[in-house]
Every structure is written in C-alpha cells, then in structure tokens.
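In: coords please:
(3 chains)
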Amino acid sequence: MPELPEVEVFRQTFNSSALNQKVARVEVLDDIILENISSRAFQMKLKGATFQATHRHGKNLFVQLDTEETMMLHFGMSGSLKYGKDGEEEPEYSRIIFNLNNGYNLYYVSPRKLGRIGVVEDEADYIVENKLGPDTYSDDFTWDVFKNIMKGRRGIIKSSLMNQKLMAGIGNVYSDEILFHSNIYPFTVVHEINDKELKTIFDNIKMVFEKVINTKLKGKKFPKNFLVLKRSEGAECPICGGRIKREKFSGRSSYYCEAHQKKNLGPN
DNA sequence: AATATTGTTCAGCA
DNA sequence: GTGCTGAACAATAT
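Out: Coordinates of the predicted model:
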C-alpha cells in the first residue's frame, strides 16, 4: 500500500540494508517497470554503481548513485522493496533484482506492474518537471504553506489532499484516515471548511503519517481508533460507534463515518 | 463469477 | 484555467 508512509518505511529499510552497497548485476525480469529506458541501458547505468544516499518526496523514492545519477522508484498501487540473502527464494512478483556485492539481493516487487523505476540526472529537476507539490511529511510543509495551497480551491477536500501537484504523498486510504480524525466529510467543498478545521486537517496529516510510519517500522498493529482497520461498508466506527459508509468517486472508494464526519456549513 | 484493490495519466466535458 | 468522471494500465485476492 505505498502511500507516503509506506515509501518512507521502504526508504529507512533500504538505508539499513542496501545503502552503501555496490551493484554487481541487475536482473530485469519485466521491462515494463522501466521508465523511458531500455533494459540494457538501465543495466549499464546500475552495474558497478554504489547506492550513496536516499531521499523521498511524496510517494517517490530517490536513490543517489556514485555516478552523478539518481535512480527513481515509484511503487504504483502495489509494490514494495525486499532484501534477502543470495540463494534464498526470491519474493513472488519480483520484477527487478539488484545483486549486490555483499551477497545480498534487493528486490523490487510489483504484483500489478503499475510501479516504475527510472534514472534521472537530478532529483530536484524531476520534482519540478513533474510539478509535484511539497512533500507533506517534510518540515517545510507548514500550516502556512498548507493554508495557502487551499486558499481559493474549488473542489472537494479529498481530491485536494490527494492531488500530488498540490501536495505530495497522500493517497486514497490515508486521505480517508486524515478526514476521519478531523470529523470532516470527504466530499465537503474546500471553501466550506473554516481555518480552524483546516488546521485540524493539517495537524492530522502529520499525526496520521507519524503514527503509520512508527507503527510499520516497529511492526506493530495500527492504533485501535484508526479507520484503516474498518474499511468496509457497515463496520462500526472505532471512534463513535456510528456506521462506516462507502461512497465511490471516480472509480475509487471513500470510507467515512456517517455519524461523526459531518458536512460543514458556512464559510469561515 | 463478480467485484474490489493502495496510483497516475489522459480524454471529454461542464 | 479548474475540476469532475471514467477509462486505461495489469494483476491479484476474495
């Protein structure tokens, strides 16, 4: 489920495993994963390179190489990174395998093949070219920044939160989670949300991401009051005991509590 | 067998 | 220009 928190966990896991290792060989099991680069060219660029540093922007993971280039990984709707010793069974749905000099392998796993890996010259350029908004977990993403992004928005709050060009990292599941804790109905139009409630949403972006990242890093279960555990029509709301409803919008399901997530009336 | 699924992009339209 | 919708991508899980 790679939204920002999952990608951040991949990054930290990468840092404690494959970082500073040298690539001995790259196996491309399915080149549909490669973005704007042939299998051969990708192998040329990666072979012999050392993974020097990692950065994350939204749902994108950047791995800086010692060759002045940077590998960019995106995980699509399904996808993950796995690390394992050579000789052990490779994970199911591995699409790209990096054989490392230390006898371990890094596996890019993508069951539905919607993820992409590319090589870019510069991370900052990539973010600009793809018009990505600020990373929502960064310290630079402040209340003021968020407030200004939301000013004058005409659409619904959920779409705005999920719009990667406005702000990067929030997807379907955690946009629901954020609004669930903010007592806001996902289809509320932005201009009907007052500053106090917007601030609550902002605080909950940080809260949800921090909790999810910590939960996953420690391999724990989600907090009991999280909606993510109750994503099904008619489930009981873990906050107020109300009913969880499901509503579709452009092919995607939104879950919310009918009882405590109300539409807001009147601007500011 | 039918339906749902975490992301992104694009066409068509209001 | 903004925003909404549905389709497409490809595949798995229930």
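
In: pull the contacting residues for A:Gly76.
Out: A:Gly76 sits next to A:Pro2, A:Ser110, A:Arg112, A:Lys113, A:Leu114, A:Gly115, A:Arg116 when contact means Cβ atoms under 8 Å, 6 or more residues apart in numbering. Yep, even glycine has a C-beta here, placed from its N, CA and C like the rest.

In: residues near the closest residue to the first one other than its chain neighbours, how many?
Out: The shortest distance from A:Pro2 to any non-neighbouring residue, by Cβ to Cβ, 6 or more residues apart in numbering, is to A:Phe75 (3.7 Å). Counted by other Cβ atoms under 10 Å, the residues lying close to A:Phe75 total 24.

In: is A:Phe75 in contact with A:Leu4, as I believe?
Out: No. The pair formed by A:Phe75 and A:Leu4 falls short of the contact definition of Cβ atoms under 8 Å, at 11.0 Å.

In: residues contacting A:Val212?
Out: A:Pro5, A:Tyr174, A:Phe222.

In: nearest to DNA strand B among those residues?
Out: A:Tyr174 (7.5 Å; Cβ to the nearest atom of the strand).

In: show me what from chain A comes close to DNA strand C.
Out: Applying Cβ under 7 Å from any atom of the strand, we find that chain A lies next to DNA strand C at A:32, A:77, A:93, A:111-114, A:153-156, A:159, A:189, A:248-251.

In: which residues does A:Phe51 bridge with?
Out: A:Leu65 (DSSP bridges).

In: got a list of what it touches?
Out: Neighbours of A:Phe51 in contact, by Cβ under 8 Å, 6+ apart: A:Phe14, A:Ala18, A:Leu19, A:Asn20, A:Gln21, A:Val23, A:Val63, A:Gln64, A:Leu65.

In: go again using 7 Å as the cut-off
Out: The contact partners of A:Phe51, by Cβ atoms under 7 Å, 6 or more residues apart in numbering, come to A:Ala18, A:Leu19, A:Asn20, A:Gln21, A:Val63, A:Leu65.

In: could you do A:Gly242 as well?
Out: A:Gly242 sits next to A:Cys257, A:Glu258, A:Ala259, A:His260 when contact means Cβ under 7 Å, 6+ apart.

In: from the residues you listed, which land in strands?
Out: Taking DSSP state E, the ones among the contacts of A:Gly242 that sit in strands are A:Cys257.

In: any chance of a ChimeraX selection covering the buried ones in the contacts of A:Gly242?
Out: To isolate in ChimeraX the members of the contacts of A:Gly242 that are buried, counting by 16 or more other Cβ atoms under 10 Å, one can use:
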select /A:257,260
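
In: identify the farthest-apart pair in the contacts of A:Gly242.
Out: Across the contacts of A:Gly242, no pair lies farther apart than A:Glu258 and A:His260, at 8.3 Å, counting by Cβ to Cβ.

In: related to what we said a few turns ago, format the contacts of A:Gly242 as a markdown table; extra columns: pLDDT.
Out: Below are the contacts of A:Gly242 laid out as a markdown table (pLDDT from 0 to 100):
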| residue | pLDDT |
| --- | --- |
| A:Cys257 | 94 |
| A:Glu258 | 92 |
| A:Ala259 | 93 |
| A:His260 | 95 |
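
In: so which of the contacts of A:Gly242 is the closest to A:Asn148?
Out: A:His260 (28.5 Å).

In: for A:Ser175, see how far away that closest one is.
Out: Separation of A:His260 from A:Ser175 (Cβ to Cβ, to the nearest Å): 17 Å.

In: for the stretch 51-200 of chain A, give me the ranges with low pLDDT.
Out: Within the stretch 51-200 of chain A, no range satisfies pLDDT under 70.
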